[in-house]
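# output the structure for:
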Amino acid sequence: MISSIAPSTLKQYSSSLKRWWSFCHQNRIDIYTFNVTKILDFLTELFSSGSNYGTINSARSALALLISPEVGTDFRIKRFFKGVENLRPGRPRYEITWDPHIVLKYLSSRDNKSIPLDFLDKKLAMLLALTTAHRAQTLSLTDIRNIEVTSDKILIKIPDRIKTSKRTRPQPVLLLPYFKERPQVCVATTLQVYMEKTKTLSSIHTDLKPVDQTSIEGKWYRHDHVQCSLYSPCEHIKGRSYGYQLRCDQENSGLVLQFKNLCSFL
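Reported below is the predicted structural model:
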């Protein structure tokens, strides 16, 4: 049963459930009892503390999972949320976005073959993000074993489960066409240069073993993921680290950031 819930969802619910347990302990009530009055008192307490609609709605979902699905369907609780929406309507996180031309102009001034590897790593991250418009989580799962190179494009299949994965929805395939007119911002060319430079990058990933311990002592094959940490241990980078690389590219290009997070990529 627990496998039906994504780890990220459980992590999101944990905070609400801890507050619910504390509320029940203070009011001497059973945490598993479906009591509409007490649940409304708890949700009202969250609203009074300044929580937004999304946070309160997440708490409702957590209680529906813990207590009963009726928490999400009861007409009184629905009416309460209608009032929350009217009093504290949700707003988009950002009303403007940054100009990608500034970043592309900066990246095009750096030659793929001469720039340091750490800069090439960040450049590839940004070009992949701008070309595919996928989440950082998806881009961090690119695997060299799932790359198909043709004469006019590169295809990267993403078989791993991601946030938007569903049983009836096909897994994403990243399409990277060659941009021969401007090779310095061509994501396919940059990817090939990056893979060539990192093909012998050492890794201490536990799943990877040397072919011959005697002849290749202490050396390990590169991680199967396209982009990995350039510092020991050389493990593949995850979504948050990928977002950090994108922010570095923006800052280095002179783009003034007015955003707390990169909602386009995280």
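# pLDDT on the lengthiest helix in the chain, on average?
For the chain, the longest helix by residue count, based on DSSP state H, is helix 7-27. Across helix 7-27, the average pLDDT comes to 92.
# for the stretch 101-250 of the chain, what spans make up the helices?
Assigned by DSSP state H, counting those that start in this stretch, the helices in the stretch 101-250 of the chain fall at 117-132, 136-139, 187-198, 239-252.
# which stretch in those has the least confidence?
helix 239-252 (a mean of 63).
# for the strand or helix carrying Gly83, give me every contacting residue.
Per DSSP states H and E, Gly83 falls inside helix 75-87. If you take C-beta atoms under 8 Å, 6 or more residues apart in numbering as the criterion, helix 75-87 is touched by Val36, Ile39, Leu40, Leu43, Thr44, Phe47, Tyr53, Ile56, Asn57, Arg60, Val71. C-beta here means a position set from N, CA and C on the backbone, and glycine is covered the same way.
# what does stretch 7-16 give?
Ile2, Thr55, Ser58, Ala59, Ser61, Ala62, Leu63, Leu65, Lys163.
# residues of that stretch that come out buried?
Tyr13, Ser16 (16 or more other C-beta atoms under 10 Å).
# do the same with stretch 18-33
By neighbour count on 16+ other C-beta under 10 Å, the buried set for stretch 18-33 is Arg19, Trp20, Phe23, Cys24.
# hey, C-alpha coordinates of that stretch in CSV?
Once non-C-alpha atoms are left out, stretch 18-33 reads as follows in CSV (Å, rounded to 0.1, in the frame of the first residue of the first chain):
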residue,chain,number,x,y,z
LYS,A,18,3.2,16.1,12.6
ARG,A,19,1.1,19.2,13.1
TRP,A,20,-2.0,17.2,13.2
TRP,A,21,-0.5,14.9,15.8
SER,A,22,0.5,17.9,17.9
PHE,A,23,-3.0,19.4,17.6
CYS,A,24,-4.7,16.1,18.6
HIS,A,25,-2.3,15.7,21.6
GLN,A,26,-3.1,19.2,22.8
ASN,A,27,-6.8,18.7,22.4
ARG,A,28,-6.9,15.1,23.7
ILE,A,29,-8.5,13.6,20.6
ASP,A,30,-7.8,10.5,18.6
ILE,A,31,-5.7,11.1,15.6
TYR,A,32,-7.6,8.5,13.5
THR,A,33,-11.1,9.6,14.3
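# quick check, distance from that stretch to the centre of its chain.
Its chain's C-alpha centre and that of stretch 18-33 lie 33 Å apart, by C-alpha atoms, centre = their mean, to the nearest Å.
# give me the contact list for that stretch.
Counting by C-beta under 8 Å, 6+ apart, residues outside stretch 18-33 touching it are Asn35, Lys38, Asp41, Phe42, Glu45, Leu46, Ala59, Ala62, Leu63, Leu66, Ile67.
# pLDDT weak spots in the stretch 51-200 of the chain?
200 (pLDDT under 70).
# try 80
Scanning the stretch 51-200 of the chain for pLDDT under 80 picks out 90-98, 162-165, 198-200.
# and Tyr94, how far from Gly54?
Distance of Tyr94 to Gly54, computed by C-beta to C-beta, to the nearest Å: 15 Å.
# and for Gly90?
7 Å.
# quick one, what contacts Asp74?
Applying C-beta under 8 Å, 6+ apart, the residues contacting Asp74 are Val36.
# how far away is it from Ile56?
In this view, Asp74 and Ile56 are 15 Å apart by C-beta to C-beta.
# what does Tyr94 give?
On the measure of C-beta to C-beta, Tyr94 and Ile56 end up 22 Å apart.
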